[in-house]
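Trainee: Here's my sequence, what's the structure:
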Amino acid sequence: MTLAFWLTLAALIGLALVFVLYPLVFHRPDKAAVNDIRHQNLLAYRSRMAELEAEREAGNLDEATYQQMKEELAGSLLDDVTHSEREVERVGRRVPGRRAAQVIVLASVILVPAVSLWLYNDWGGVDQLEQYQTMLEMRQTSQDQGQQMAQLADQLRARLLDNPDNLEGWAMLGRTYMNLENYAQAAWAYEQLAGQVQDVPNEAATAWGLAAQARFFESRGAMNDNVTGAIAEARERNPDEVNALGLLGINAFERQAYQEAIDYWERIIAVAPDHPQLPSIRQGVAEAYRRLGQPVPESLAQAEGPSVTVRVELAETFKDDIAPDTTLFIFARNAEGGAMPLAVARLTAAQLPATVTLDDSMAMAPGAKLSGAATVMIAARLSPSGEAIPQSGDWQGVSHEPVNLDNYNGEPVEIVIDQRVP
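Mentor: A predicted model of the protein is given here:
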């Protein structure tokens with residue numbers, strides 16, 4: 001891309017020089033003058049010859065005199081033409097400003113390319129152009145091509161260090177490193193983003209919250225100093241930063257500090273009603289109330305109609321292979337057929353083992369709900385790509401038999417994720 005850019009720039013500079021050099025190389029102001037004088041002398045010669053012919057035919061000139069005068073006229077024509085050319089050349093050399101024009105043109109030949117390159121190097125956006133090209137390549141690269149994605153991430157990282165004011169570039173770099181499970185570099189990228197937006201508290205808080213999330217995954221769920229430090233940076237700028245609140249809620253729940261978890265998660269529900277993980281957060285709050293032995297508030301009560309409680313665990317053989325931020329889908333499908341899930345809960349591997357309740361509030365489409373099925377199959381799938389469509393390399397588990405919703409007694413359906421999608 002860079003080579004093509006410079007070749008294009010050189011071609012444009014060359015085109016500009018053509019317009020500058022053409023008048024100097026091809027313009028000949030004396031040529032027209034010479035041609036005009038020659039034409040006038042030729043007309044005068046022909047007119048005089050016609051007069052001599054008329055005099056001879058009238059008998060006023062004998063043949064010897066006629067020939068002598070004809071030769072004299074031809075010699076005079078030759079002298080006039082030679083003298084005219086010399087005069088035009090002499091006058092042409094004295095045209096005012098001609099030498100100055102030549103100097104200007106020759107200086108332009110040198111200065112136009114030099115000044116163009118200097119100005120573009122100082123004011124141009126080749127760094128941003130290279131960053132943009134790398135970002136496009138990253139968007140077009142499949143996540144299965146991990147090595148190529150890692151190389152592109154390293155290229156973008158190097159270019160961002162040279163030109164660090166590309167906010168979208170830092171955010172993309174952080175997301176890419178998260179997908180590559182390079183959590184240390186992801187946290188670093190988000191911290192760089194936070195530094196670029198430090199004058200905008202809410203945006204800086206979000207960047208620190210994402211950095212805290214990356215540090216949490218890097219520590220495999222341990223609330224170490226790096227995690228707590230990033231959370232503190234985020235909440236100092238925005239006490240309601242949702243990523244930080246979510247991590248604090250998870251940590252409190254794991255410590256069995258259920259009321260503390262409720263406080264953090266209910267705050268997310270209040271300040272971010274459009275949060276993409278809101279159904280899972282609401283389920284977490286409801287479960288925390290149940291663990292406390294308290295009634296679940298009506299605002300968190302499950303939707304009317306049938307429901308299925310599911311408990312999902314991960315087989316021991318896979319625990320060291322799966323990153324904490326891997327997306328976890330828990331879903332129910334009509335046992336009598338149909339590809340679309342009737343209810344879906346979305347969590348992460350860090351929340352395993354997990355217990356969720358599937359109901360009509362988790363339907364993906366108005367016409368495809370649990371209440372429209374008699375029996376369902378329950379499944380859970382871990383997706384490194386985060387895609388709802390199964391892909392090779394995902395981990396999954398399926399219930400041993402269908403669940404009859406009419407006879408379901410509320411006992412959790414046990415699912416163990418113990419298979420790899422071929």
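Trainee: What degree of burial does Trp421 show, as a neighbour count?
Mentor: No, residue 421 isn't Trp; it's Val. Other residues within reach of Val421, judged by other CB atoms under 10 Å, total 13. Where you see a C-beta, it was placed from the backbone N, CA and C, and this is true even at glycine.
Trainee: measure it to Leu352 for me?
Mentor: Computed as CB to CB, to the nearest Å, the Val421 to Leu352 distance reads 18 Å.
Trainee: Assign a three-state SS to Ala380, would you?
Mentor: At Ala380 the chain is in strand, as set by DSSP: H, G, I helix; E, B strand; the rest coil.
Trainee: who's it bridged to?
Mentor: The residues listed as beta-bridge partners of Ala380 by DSSP bridges are Ile330, Gly397.
Trainee: Quick one: residues contacting it.
Mentor: For Ala380, the contacting residues are Val310, Val312, Leu328, Phe329, Ile330, Phe331, Gln396, Gly397, Ile415, Ile417, by CB atoms under 8 Å, 6 or more residues apart in numbering.
Trainee: Can you tell me which of those comes closest to Leu210?
Mentor: The shortest distance between Leu210 and any of the contacts of Ala380, using CB to CB, involves Leu328 and amounts to 19.6 Å.
Trainee: pretty sure that closest one is in a strand, no?
Mentor: Yes - Leu328: assigned to a strand according to three-state DSSP.
Trainee: hang on, the earlier thing: with distance to Arg290, neighbour count and pLDDT as added columns, please give the contacts of Ala380 in a markdown table.
Mentor: As requested, those are exported to a markdown table (distance: CB to CB, whole Å; neighbours: other CB atoms under 10 Å; pLDDT from 0 to 100):
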| residue | distance to Arg290 | neighbour count | pLDDT |
| --- | --- | --- | --- |
| Val310 | 15 | 23 | 91 |
| Val312 | 17 | 27 | 93 |
| Leu328 | 20 | 24 | 91 |
| Phe329 | 23 | 21 | 91 |
| Ile330 | 18 | 28 | 92 |
| Phe331 | 22 | 22 | 92 |
| Gln396 | 27 | 17 | 93 |
| Gly397 | 24 | 20 | 93 |
| Ile415 | 19 | 23 | 94 |
| Ile417 | 24 | 23 | 93 |
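Trainee: could you measure the residue lying closest to Thr326 once chain neighbours are set aside against Asp321, distance?
Mentor: Once flanking residues are discounted, Thr326 sits nearest to Ala349: 4.2 Å by CB to CB, 6 or more residues apart in numbering. Computed as CB to CB, the Ala349 to Asp321 distance reads 10 Å.
Trainee: Kindly report the same for Gln256.
Mentor: With distances taken as CB to CB, Gln256 is found 28 Å from Asp321.
Trainee: same check, this time on Ala205
Mentor: Computed as CB to CB, the Ala205 to Asp321 distance reads 33 Å.
Trainee: Compare the two (neighbour count), which wins?
Mentor: Applying other CB under 10 Å to Ala205 and Asp321 shows that Ala205 carries more neighbours, namely 24 against 11.
Trainee: Direction included, what does whatever helix or strand Val312 lives in pair against?
Mentor: In this assignment (DSSP states H and E), Val312 forms part of strand 307-314. As defined by DSSP bridges, the strand partners of strand 307-314 come to strand 354-359 (antiparallel), strand 413-417 (parallel).
Trainee: Kind regards, and thank you for your time.
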